[in-house]
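Visitor: Test case, fold it:
(2 chains)
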Amino acid sequence: DQQVKQNSPSLSVQEGRISILNCDYTNSMFDYFLWYKKYPAEGPTFLISISSIKDKNEDGRFTVFLNKSAKHLSLHIVPSQPGDSAVYFCAASATDKLIFGTGTRLQVFP
Amino acid sequence: EAGVTQFPSHSVIEKGQTVTLRCDPISGHDNLYWYRRVMGKEIKFLLHFVKESKQDESGMPNNRFLAERTGGTYSTLKVQPAELEDSGVYFCASSQDLGYSPLHFGNGTRLTVT
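Guide: Take a look at the predicted model:
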């Protein structure tokens, strides 16, 4: 049973607009959430994280929102750039290991 | 600082053969993880070392998989004998601290079993 779910396998957004990637989780014990970005033939690269005591964390163009009651988090990228085109993985942790979702492929077109 | 290094980047073997994957974590990182991604699916946890000790190996699929981390430095993951379903990308990651610390990933080893 998958504990971290990314229900949208792909997303296409125009350059300059906002990209919103979504993630749902089932385990209420998760207390640390991360987003990773992955380019082809490379490993996942850490992007941004949030702990369960917060509901928002911002880093430049990237903002992560956490809604604990809904067990939902989202990643907002604004403005989106062509270089943001990649697969984005949501991950969550309750202990020392990360549980990943299946990823969402983001394509930013001019 | 040098990142997490994995070798080889690709491996194609026949069913029944043996393959050994290697991971060199970031220097000073006591925590080393192995993950696997099968085509289009999630990045799935395999096991976690703290220094040379296996902290959690709950994700290892079966006893055909053997992971070692002698001396608490690099790690190897051996698959013997390989089966078709073992195909995928094997990622290694390391971190300095437990808890609220992101993992640093290598570029992975793409394993194809034919």
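
Visitor: so what's the residue of chain B found nearest chain A closest to, chain neighbours aside?
Guide: Of all residues in chain B, B:Phe105 sits closest to chain A, at 3.4 Å by C-beta to the nearest C-beta. Placement of C-beta: from N, CA and C, glycine included. Distance criterion C-beta to C-beta, 6 or more residues apart in numbering or on different chains; nearest residue to B:Phe105, sequence neighbours excluded, is A:Gly43 at 3.4 Å.

Visitor: same check, this time on B:Asp56
Guide: Spatial nearest neighbour of B:Asp56, chain neighbours left out: B:His48 (4.4 Å); criterion: C-beta to C-beta, 6+ apart.

Visitor: so what does the helix or strand harbouring the one you found touch, helix or strand wise?
Guide: Secondary-structure assignment from DSSP states H and E places B:His48 in strand B:43-50. Secondary-structure packing of strand B:43-50 (3 or more C-beta pairs under 8 Å, 6 or more residues apart in numbering or on different chains; DSSP states H and E): strand A:98-100, strand B:31-37, strand B:53-56, strand B:65-68.

Visitor: Summarise which helices and strands the last one is packed against.
Guide: Spelled out, it's strand B:65-68. strand B:43-50, strand B:75-79.

Visitor: Including mean pLDDT and mean neighbour count, could those strands go into JSON lines?
Guide: JSON lines is the format used below for the helices and strands packed on strand B:65-68 (pLDDT from 0 to 100; neighbours: other C-beta atoms under 10 Å in any protein chain shown):
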{"stretch": "strand B:43-50", "mean pLDDT": "95", "mean neighbour count": "21"}
{"stretch": "strand B:75-79", "mean pLDDT": "98", "mean neighbour count": "20"}
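
Visitor: Reformat those strands as TSV; add distance to B:Val113.
Guide: Converted to TSV, those look like this (distance: least, C-beta to C-beta, whole Å):
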stretch	distance to B:Val113
strand B:43-50	16
strand B:75-79	8
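
Visitor: nearest to B:Gln96, of the ones you listed?
Guide: Closest to B:Gln96 of the helices and strands packed on strand B:65-68, according to C-beta to C-beta: strand B:43-50, at 11.4 Å.
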